[in-house]
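Trainee: model this:
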Amino acid sequence: MSRASQIAVSAKRQTDQSRWAALGAFWQRRRTPITRAVATIAFLGIWELAVEAGWVDPLFLSSPSAVAVRLAQVFRDGSIWPNLAASGNVAFWGFFLSCLAGIPVGVLMGRSVLVRDTLEPFIMAQASVPTVALLPLFIIWLGIGLSAKIALVFVGAFFGIVVSTEAGVSNIDKRLIETARSFTATEWEILWKIVLPAALPYIIAGMRLAIARVLIMVVVAELYASTAGIGYLIFQAGASYDTSMIFVGVVILAAAGVTLNALLRAVERRVAPWSS
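Mentor: Now for the predicted structure:
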């Protein structure tokens with residue numbers, strides 16, 4: 001083989017190696033989204049095939065294409081917006097109030113043994129009682145309206161936020177606090193400059209867990225005490241065997257959960273980059 005041929009073969013080999021290296025690097029960067037996309041497409045394809053081939057009765061399980069058409073229809077004609085507004089209102093206020101109350105309570109429990117020993121039995125008792133069982137009581141107290149539903153969502157999300165916050169505050173390195181005190185830092189300065197920043201990943205983790213509870217409690221509340229909302233929509237669709245509309249509600253709830261979780265993830269990366 002001539003010298004020129006050897007150079008050409010070597011150059012081709014290096015080019016091929018560079019291409020494979022670039023392909024490997026691309027796969028490492030995009031492996032998770034690609035794997036998820038392939039799994040999702042395969043799942044939907046099998047589901048569609050099962051319905052179209054008659055393996056499953058469409059009366060009991062709509063196909064993904066039928067659900068997609070119905071989803072586009074309810075957004076196009078605007079019939080979904082009042083239900084989204086009703087559920088969003090309940091979810092927002094329930095989640096907001098649970099954070100507003102749960103984070104301070106968790107901080108107090110993490111900073112004070114007396115407060116933790118006093119409140120922990122009540123917090124654990126509340127967590128042990130099925131939240132759904134409290135809905136009739138809230139209706140008796142607050143009536144069939146927005147207040148009862150917000151109360152149910154609040155109670156459902158409160159426990160997770162308190163426990164996560166308390167765990168984050170309790171796990172702070174005590175040497176950091178003692179060092180700050182040795183430099184005459186006040187308790188308020190310790191709280192804002194050491195305790196809360198260190199506990200922030202735990203607090204956000206509790207909020208992420210609470211999101212799932214919030215969506216569940218919203219649906220439960222709307223099943224029994226509402227004339228609008230995604231939960232009410234699912235209940236009405238189930239009563240009329242409208243499986244496409246049931247899946248429309250399920251898809252909306254799943255999309256809301258994924259979106260809110262991603263937003264909290266983004267907030268965590270922004271305000272607590274050291275935890276990533």
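
Trainee: can you pull out the helices in the protein?
Mentor: Assigned by DSSP state H, the helices in the chain fall at 3-52, 64-77, 81-111, 113-128, 135-142, 146-170, 174-182, 187-190, 196-224, 230-239, 243-271.

Trainee: got the CA positions of stretch 251-268 in PDB?
Mentor: Presented in PDB, the C-alpha positions along stretch 251-268 are these (Å, rounded to 0.1, in the frame of the first residue of the first chain):
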ATOM      1  CA  VAL A 251     -54.100  13.700  31.000                       C
ATOM      2  CA  ILE A 252     -54.700  17.200  32.300                       C
ATOM      3  CA  LEU A 253     -54.000  16.300  35.900                       C
ATOM      4  CA  ALA A 254     -50.900  14.400  34.800                       C
ATOM      5  CA  ALA A 255     -49.700  17.300  32.700                       C
ATOM      6  CA  ALA A 256     -50.300  19.700  35.600                       C
ATOM      7  CA  GLY A 257     -48.300  17.500  38.000                       C
ATOM      8  CA  VAL A 258     -45.400  17.100  35.600                       C
ATOM      9  CA  THR A 259     -45.300  20.800  34.800                       C
ATOM     10  CA  LEU A 260     -45.500  22.000  38.400                       C
ATOM     11  CA  ASN A 261     -42.800  19.500  39.400                       C
ATOM     12  CA  ALA A 262     -40.600  20.800  36.600                       C
ATOM     13  CA  LEU A 263     -41.200  24.400  37.700                       C
ATOM     14  CA  LEU A 264     -40.200  23.600  41.300                       C
ATOM     15  CA  ARG A 265     -37.100  21.800  40.000                       C
ATOM     16  CA  ALA A 266     -36.200  24.900  38.000                       C
ATOM     17  CA  VAL A 267     -36.800  27.100  41.100                       C
ATOM     18  CA  GLU A 268     -34.500  24.800  43.200                       C
END
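
Trainee: which parts of that stretch are buried?
Mentor: Buried positions in stretch 251-268, judged by neighbour count with 16 or more other CB atoms under 10 Å: 252, 253, 256, 257, 260, 264, 268. C-beta here means a position set from N, CA and C on the backbone, and glycine is covered the same way.

Trainee: do stretch 50-69 as well
Mentor: Using 16+ other CB under 10 Å as the test for burial, stretch 50-69 gives 51, 61, 62, 63, 64, 66, 67, 68.

Trainee: got a list of what residue 213 touches?
Mentor: By CB atoms under 8 Å, 6 or more residues apart in numbering, the contact set of residue 213 is 131, 156, 157, 160.

Trainee: local confidence estimate at the first one?
Mentor: Looking back up the chat, that one is residue 131. For residue 131, the pLDDT comes out at 80.
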